[in-house]
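S.K.: Need coordinates for the following:
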Amino acid sequence: CMEIVRRENDEVSHAARSVEGRLIQVESELTRAARVKRDAEEERDVLKTRAEKSEKLASVLQDKVNDYEDEIRHLKKDVVEMDELEQM
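M.R.: Numbering: from 1, shown residues only. Presented below is the predicted three-dimensional model:
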């Protein structure tokens, strides 16, 4: 009878150690996953900031292109007017 109790006690102890080991492993995996998630979020934030800066720069450059195109149109108009005046 004592042998059966001792054997069951050993089995319970072994099962408890096994569960404890698995819990430690899961905790380690969760910690690693949290670190990977944090790193990914930081990288996402960096990329988002770069994208926003690029969009702002693209807008500024497009405004400059538009200004240059307007200036070219005015200069072409001036050239046409000068040609007309010269032909008079």
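S.K.: Let me see the ranges of the helices in this protein.
M.R.: Counting by DSSP state H, the chain has helices at residues 2-87.
S.K.: any idea which residue sits dead centre in it?
M.R.: residue 44 (1.7 Å; CA atoms, centre = their mean).
S.K.: Can you give me the distance of that one to residue 37?
M.R.: Note on residue 44: its distance to residue 37, by CB to CB, to the nearest Å, is 10 Å. Any C-beta I mention is one placed from the backbone N, CA and C, and that applies to glycine too.
S.K.: Likewise for residue 28?
M.R.: For residue 28 relative to residue 37 (CB to CB), the value is 15 Å.
S.K.: likewise residue 67?
M.R.: Between residue 67 and residue 37 the computed distance is 45 Å (CB to CB).
S.K.: pLDDT score assigned to residue 1?
M.R.: Turning to residue 1, the model gives it a pLDDT of 84.
S.K.: Look at it and say how many residues are nearby.
M.R.: 5 (other CB atoms under 10 Å).
S.K.: Repeat that for the one 10 residues further on.
M.R.: Using other CB under 10 Å, residue 11 has 10 other residues around it.
S.K.: try residue 88
M.R.: 4.
S.K.: How about the contacts made by it?
M.R.: With contact set as CB atoms under 8 Å, 6 or more residues apart in numbering, residue 88 has no partners.
S.K.: What of residue 17?
M.R.: Residue 17 neighbours (CB under 8 Å, 6+ apart): none.
S.K.: any idea how far it is from residue 71?
M.R.: In terms of CB to CB, residue 17 sits 81 Å off from residue 71.
S.K.: do the same with residue 88
M.R.: From residue 88 to residue 71 the distance is 26 Å (CB to CB).
S.K.: if I look at residue 68, how far off is residue 3?
M.R.: Separation of residue 68 from residue 3 (CB to CB) stands at 96 Å.
S.K.: Comparing these two, which residue is more hemmed in?
M.R.: Using other CB under 10 Å as the criterion, residue 68 and residue 3 rank with residue 68 on top: 10 against 7.
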